[in-house]
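Engineer: got a predicted structure plus its sequence, pasted below:
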Amino acid sequence: DVQLVESGGGIVQPGGSLRLSCSASGFTFTWFDMYWVRQAPGEGPERVSTINTDGRSTNYADSVRGRFTISRDNAKNMVYLQMNSLKPEDTAVYYCARGAIGSDFGDYWGQGTQVTVSS
């Protein structure tokens, strides 16, 4: 079974940093792009970042470009999201997702990790 397990969320002040981690199992990790998707209360999901299979190509939503960095370690089946200069509007549940053709948000999600940016 596909499993994605996120960790690293928490409460941070504006301007602070967090690093999210995602452990993947149950599929051939190197065959898939990976996404980070977030969802704030009362809003739809937003794909904030994408990384391709070998980690050499990344994409970011305009809302996070220049502040967030996605990376992956194919030897460990891990995906990361380094989040710097956090803003209150970054508050959301963050999900690791397996990329899928034709799906903006991937075909499998983890359980999510809460990120709260507040003073």
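Structural biologist: Received the coordinates, thanks.

Engineer: please count neighbours and contacts with C-alpha atoms only from this point.
Structural biologist: Will do.

Engineer: residues contacting Asn59?
Structural biologist: 49-51 (Cα atoms under 8 Å, 6 or more residues apart in numbering).

Engineer: parallel or antiparallel, list what pairs with the helix or strand harbouring it.
Structural biologist: When elements are assigned from DSSP states H and E, Asn59 belongs to strand 58-60. Applying DSSP bridges, strand 58-60 is found paired with strand 46-51 (antiparallel).

Engineer: may I see the buried residues of the strand it pairs with?
Structural biologist: For strand 46-51, the neighbour count (16 or more other Cα atoms under 10 Å) marks 46-51 as buried.

Engineer: can you show me the strands along the chain?
Structural biologist: 3-7, 10-12, 18-25, 34-39, 46-51, 58-60, 68-73, 78-83, 92-100, 103-109, 113-117 (DSSP state E).

Engineer: would you format those strands as TSV with mean pLDDT included?
Structural biologist: Conversion of the strands of the chain to TSV gives the following (pLDDT from 0 to 100):
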stretch	mean pLDDT
strand 3-7	98
strand 10-12	98
strand 18-25	98
strand 34-39	98
strand 46-51	98
strand 58-60	98
strand 68-73	98
strand 78-83	98
strand 92-100	97
strand 103-109	94
strand 113-117	98
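
Engineer: ok, Ser57 touching Ser49?
Structural biologist: No - in this structure Ser57 lies outside contact range of Ser49 using Cα atoms under 8 Å: 10.7 Å.

Engineer: and Arg72, how far is that from Ile11?
Structural biologist: 24 Å (Cα to Cα, to the nearest Å).

Engineer: center of the chain - which residue?
Structural biologist: Trp36 (2.4 Å; Cα atoms, centre = their mean).

Engineer: leaving aside the residues adjacent along the chain, what's closest to it?
Structural biologist: Distance criterion Cα to Cα, 6 or more residues apart in numbering; nearest residue to Trp36, sequence neighbours excluded, is Cys96 at 4.8 Å.
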